[in-house]
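>>> Attaching a predicted model along with its sequence, questions to come.
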Amino acid sequence: MLLRAAVTGLLLSLATAALLASAPAMSQSGGAAILRQRCAGCHVDGSESSPTGPALQGVFGRRVASLPDFDYSPALKAKADRRWTASELDAFLTDPGRYAPGTAMTAQPLSPAERAAIIGALRVETQPAK
Ligand code: HEC
């Protein structure tokens, strides 16, 4: 009985410690950290595209599928009359295949909060350095 209570208490405090440890990390780095974790597998950092994804640096406000160094799918090129505003990015990230049926980008399961954080980070990254 006493042992069980002790074990439960220990587990609870471990869980609390884990929560406390992760919370500041989330709020400090936010969208940039999510970008690194969820997008960097295909979109490398920097201004050049890789074979697996177009460069995301400067994407905010940029015309859809407009980088000369990436071979976009016909599906995304069909949207080239649009620009990547916050709402366009949100629609694409919510469901790439619905936004541009046949796109080469696979669906990334993201919560609305994660999408907002990512879009915030992309917006910041697009501001020219002063
Ligand atoms: C599995 C690889 C992969 C992952 C992971 C991935 N992407 Fe993509 N992304 C692509 C590919 C490939 C394209 C080009 C799609 C096409 O041509 O249809 C693309 C296109 C884009 C575009 C359009 C860029 C442009 O120049 O028009 C944006 C914006 C984008 N991705 C954002 C993201 C974000 C944000 C994440 C992380 C949440 C992410 N992607 C994760 C592969 C990926």
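Arrived safely.
>>> Say whether the ligand is contacted by the one helix or strand residue 98 maps to.
In the assignment (DSSP states H and E), residue 98 maps to helix 96-99. No - on the criterion Cβ under 6 Å from any ligand atom, helix 96-99 is out of touch with the ligand, staying 7.4 Å away. (Each C-beta comes from the backbone N, C-alpha and C, glycine too.)
>>> Quick check: next helix or strand after that helix?
Counting by DSSP H and E, what follows helix 96-99 is helix 112-126.
>>> what does this structure put close to the ligand?
Proximity of the chain to the ligand (Cβ under 6 Å from any ligand atom) is limited to residues 38-39, 41-43, 52-54, 56, 59, 64-65, 67, 72-73, 75-76, 84, 89, 93, 103-106, 108, 110, 118.
>>> Are any of these buried, and if so which?
Among these, those buried by neighbour count (16 or more other Cβ atoms under 10 Å) are 38-39, 42-43, 53-54, 56, 59, 64-65, 67, 72, 75-76, 84, 89, 93, 103-105, 108, 110, 118.
>>> Which residue ranges of the protein form helices?
Here the chain has its helices, by DSSP state H, at 2-38, 74-77, 86-94, 96-99, 112-126.
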